[in-house]
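> Need a 3D model of the following:
(2 chains)
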Amino acid sequence: MDSRIVLLPLAALAVAQPAQALVYLQVPQAQALMFPGQKLEAVPLLLSAADVSAVEHDSGVKVYPGSLQAWKCADGWFFTDSVIGKHDLIRYAVALGNDGRVRQVEILEYREAYGGEVRNTRWLAQFKGHEHGDPVKTGSDIQNISGATLSSEHLADGIRRLLSTYALVIAGRQ
Amino acid sequence: MASGGCCPRMPSSSPAGSSRTPQLRGSGVAYPDAAVRRARPLLGTLVDIQATGGLDEPALHAAVELAFGEIERVHALMSRQDAGSELSRLNREAAEREQRLHPDTLAVLTAALHFAALSEGAFDPSPGQWRQIELHADRVRFRQPLQLDFGGIAKGYAVDLAVAALRRAGVAAIAVNAGGDLRVCGPPQTIGLRDPRDPAAVAQVLELQDAALASSSAGFSRRLEAGREVSDLVDPRSGRFHTSHEGVSVRAPSCMAADALTKVVLFAPPAVAERALAACAARAIRLG
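Numbers count the residues shown, from 1 in each chain, chains lettered A, B, ... in the order given. Modelled structure (predicted):
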């Protein structure tokens, strides 16, 4: 019986990297999905040095002034912000209700840190499934990646920073 | 199909094109170009959903909302971090008295115990202790205090639910990817396999059609703790951390099976792994 497990020595691979740069939603699209039919008004956020240090102290996350943008509407708040991790950059939108609770988080944009080209598909002949055929295809147009999960902890940090900013700076001004 | 006995209580998997929502297809209008791709942070990772064709753009967005709703329900039930989740309640109370299970938690626990038996404990939702978990109909009791963790299977289950929701809505081409555990429906899609040595690199590409692919490696969770190398992957039978560079990817008809089987291929003796893969109509790649 032939084995269902194909062994692929990593040393044999000519490793290369795809530039994953995905734009999921534009800001107006995200606004329309998160607060359908509502008029959103941009609210300038001017954080003083004291605000920045209060938010950093409360959230434990570094603040980059100018990164966070805010809009107000009848049902709550719409924010965009970015976090930079070891391997990627994530730009995201957060909808808060008027009670300050998170209603929804949507990723706007995801960028991996490196880019390049994928090569060496010879070994794939071995993996051809008898059920599906799995035609071998080279490089381009990778739609998805399977593999060890990249941590999304820095995104959780970013959302915690946003909630601190809302509680300590924004809610008090309204 | 051989997967029937492998994956109890799986979401229905009718062939693409036999949608149960004829009203969405009755207009005679095709929407070949409409495509929606969205992502949310769930299940401790980024969940990416692509829905293409079969519906117009607003209906695709509505279908994607439904699919995220399925994943959010699994997240709320099975999060270990959230003290209010059903999983946290089981871990606090199921050793004291029998606990009733939500149908989703029941489905995942049933499947987890099935994979534990099939792999002789190489997959184990409670390392080394799966035989201490007693299921009676929709109730569970632990024979001794233990900690259930669905980390090796819940993502796959959630992906399967999301795919089923998108199919029911009439979406023509689907890809749901929960941090590398993914499933596609419709035309073939090109998938990259991440290099377990380098988080930003793709070691290989392959094409996947109407199937799931999941991968495990110690990868980026490898670290030193108190002078010892550890990772998020533990061999449930020896208690040893998996800290080599080796990675495993499994293709299976369902993402739940693919997810669980990666751990079986990593930790079970080869003959047991081959048998488990065959029982689930699955295949594996070892990158090492």
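
> which stretches of the stretch 151-288 of chain B form strands?
Listed in chain order, the strands of the stretch 151-288 of chain B (DSSP state E, counting those that start in this stretch) span B:173-178, B:181-185, B:189-195, B:198-208, B:211-217, B:223-225, B:228-230, B:247-252, B:283-287.

> With respect to chain A, which of those lies nearest?
Ranking these by distance to chain A, with CB to the nearest CB as the measure, places strand B:189-195 first at 2.2 Å. In short, each C-beta sits where N, CA and C put it, glycine included.

> would you turn the strands of the stretch 151-288 of chain B into a markdown table with mean neighbour count and mean pLDDT?
Shown next, in a markdown table, are those (neighbours: other CB atoms under 10 Å in any protein chain shown; pLDDT from 0 to 100):
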| stretch | mean neighbour count | mean pLDDT |
| --- | --- | --- |
| strand B:173-178 | 26 | 96 |
| strand B:181-185 | 28 | 96 |
| strand B:189-195 | 24 | 85 |
| strand B:198-208 | 22 | 77 |
| strand B:211-217 | 28 | 91 |
| strand B:223-225 | 10 | 69 |
| strand B:228-230 | 13 | 66 |
| strand B:247-252 | 28 | 93 |
| strand B:283-287 | 24 | 90 |
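
> Residue B:135 is nearest to which of those?
When the strands of the stretch 151-288 of chain B are compared by CB to CB, strand B:247-252 sits nearest residue B:135, at 23.1 Å.

> Give me the distance from that closest one to the chain's centre.
The chain centroid and the centroid of strand B:247-252 are separated by 12 Å, computed with CA atoms, centre = their mean, to the nearest Å.

> can you redo the strands of the stretch 151-288 of chain B as a markdown table with distance to residue B:260?
A markdown table is the format used below for the strands of the stretch 151-288 of chain B (distance: least, CB to CB, whole Å):
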| stretch | distance to residue B:260 |
| --- | --- |
| strand B:173-178 | 14 |
| strand B:181-185 | 10 |
| strand B:189-195 | 19 |
| strand B:198-208 | 18 |
| strand B:211-217 | 8 |
| strand B:223-225 | 25 |
| strand B:228-230 | 22 |
| strand B:247-252 | 9 |
| strand B:283-287 | 12 |
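
> closest one to residue A:166 among these?
strand B:173-178 (28.3 Å).

> what about the residue in chain A that chain B sits nearest to, neighbour count?
Per CB to the nearest CB, residue A:147 is where chain A lies closest to chain B, at 2.2 Å. The local packing of residue A:147 (other CB atoms under 10 Å in any protein chain shown) involves 29 other residues.

> can you check residue A:23 too?
Residue A:23 is flanked by 12 other residues according to other CB under 10 Å.

> Apart from its chain neighbours, what residue comes closest to residue A:39?
residue A:73 (6.3 Å; CB to CB, 6 or more residues apart in numbering or on different chains).

> on contacts alone, who are the packing partners of the host helix or strand of residue A:58?
Element membership for residue A:58 (DSSP states H and E) is helix A:49-59. In terms of contacts (3 or more CB pairs under 8 Å, 6 or more residues apart in numbering or on different chains; DSSP states H and E), helix A:49-59 is packed against helix A:153-165.

> any idea which helix or strand comes after the helix it packs on?
Following helix A:153-165 toward the C-terminus (DSSP H and E): helix A:171-173.

> who's in contact with that next one?
Residues from elsewhere that reach helix A:171-173 (CB atoms under 8 Å, 6 or more residues apart in numbering or on different chains): residue A:100.

> Return the distance of it from the chain's centre.
With CA atoms, centre = their mean, you get 28 Å for helix A:171-173.

> So what's the model's average confidence on it?
Mean pLDDT, computed over helix A:171-173, is 79.

> in it, what's buried?
By neighbour count with 16 or more other CB atoms under 10 Å in any protein chain shown, helix A:171-173 contains no buried residues.

> same thing with stretch A:66-81?
For stretch A:66-81, by 16+ other CB under 10 Å, it's A:67-68, A:70-73, A:75-81.

> do stretch B:58-69 as well
B:59, B:60, B:61, B:63, B:64, B:67, B:68.

> I'd guessed the last one sits against residue B:49; true?
Translated: residue B:68. Yes. With contact defined as CB atoms under 8 Å, residue B:68 counts as touching residue B:49 (6.9 Å).

> Look up the residues that both of these two are in contact with.
Joint contacts of residue B:68 and residue B:49 (CB under 8 Å, 6+ apart) are B:38, B:162.

> any idea how far the nearest residue to residue B:94 once chain neighbours are set aside is from residue B:93?
Take residue B:94 and drop its neighbours on the chain: the residue closest to it by CB to CB, 6+ apart is residue B:142, 4.6 Å away. Computed as CB to CB, to the nearest Å, the residue B:142 to residue B:93 distance reads 9 Å.

> Counting by contacts, list what the lowest-mean-pLDDT helix or strand in chain A packs against.
Every helix and strand of chain A was ranked by mean pLDDT, DSSP states H and E. The lowest is strand A:144-146, at a mean of 77. In terms of contacts (3+ CB pairs under 8 Å, 6+ apart), strand A:144-146 is packed against strand B:173-178, strand B:181-185, strand B:189-195, strand B:211-217.

> Output the below-cut-off pLDDT ranges for the chain.
Answering for chain A, as no chain was given. Scanning chain A with the threshold set as pLDDT under 70 gives A:1, A:10-20, A:86, A:113-143, A:148-151, A:174.

> hm, I was asking about chain B
The model of chain B has pLDDT under 70 over residues B:1-32, B:199-200, B:218-224, B:226, B:228-233, B:241-245.

> Please enumerate the helices of it.
According to DSSP state H, chain B carries its helices in the segments B:57-78, B:86-93, B:103-118, B:154-169, B:255-267, B:270-279.

> okay, now the residue nearest to residue B:94: neighbour count?
Neighbour tally, residue B:142, other CB under 10 Å: 22.

> Verify the contact between it and residue B:133 for me.
Yes. In terms of CB under 8 Å, residue B:142 counts as a neighbour of residue B:133; the distance is 6.0 Å.

> Endpoints of stretch B:191-202, how far apart?
Stretch B:191-202 stretches 10 Å from its first residue to its last (CA to CA, to the nearest Å).

> Return the distance of that stretch from the chain's centre.
The answer for stretch B:191-202 is 19 Å, by CA atoms, centre = their mean.

> ok, now stretch B:64-81?
A distance of 12 Å separates the centroid of the chain from that of stretch B:64-81, by CA atoms, centre = their mean.

> Likewise for stretch A:70-80?
Stretch A:70-80 sits 20 Å away from the centroid of its parent chain (CA atoms, centre = their mean).

> then it to PDB, C-alphas only?
The C-alpha trace of stretch A:70-80 is given here as PDB (Å, rounded to 0.1, in the frame of the first residue of the first chain):
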ATOM      1  CA  ALA A  70     -12.000  58.500  15.000                       C
ATOM      2  CA  TRP A  71     -15.500  59.100  13.600                       C
ATOM      3  CA  LYS A  72     -18.700  59.700  15.600                       C
ATOM      4  CA  CYS A  73     -22.300  58.600  14.700                       C
ATOM      5  CA  ALA A  74     -25.600  58.300  16.400                       C
ATOM      6  CA  ASP A  75     -25.100  54.700  17.600                       C
ATOM      7  CA  GLY A  76     -21.400  55.000  18.600                       C
ATOM      8  CA  TRP A  77     -17.900  55.400  17.400                       C
ATOM      9  CA  PHE A  78     -15.800  54.200  14.500                       C
ATOM     10  CA  PHE A  79     -12.000  54.000  14.800                       C
ATOM     11  CA  THR A  80      -9.200  53.000  12.500                       C
END
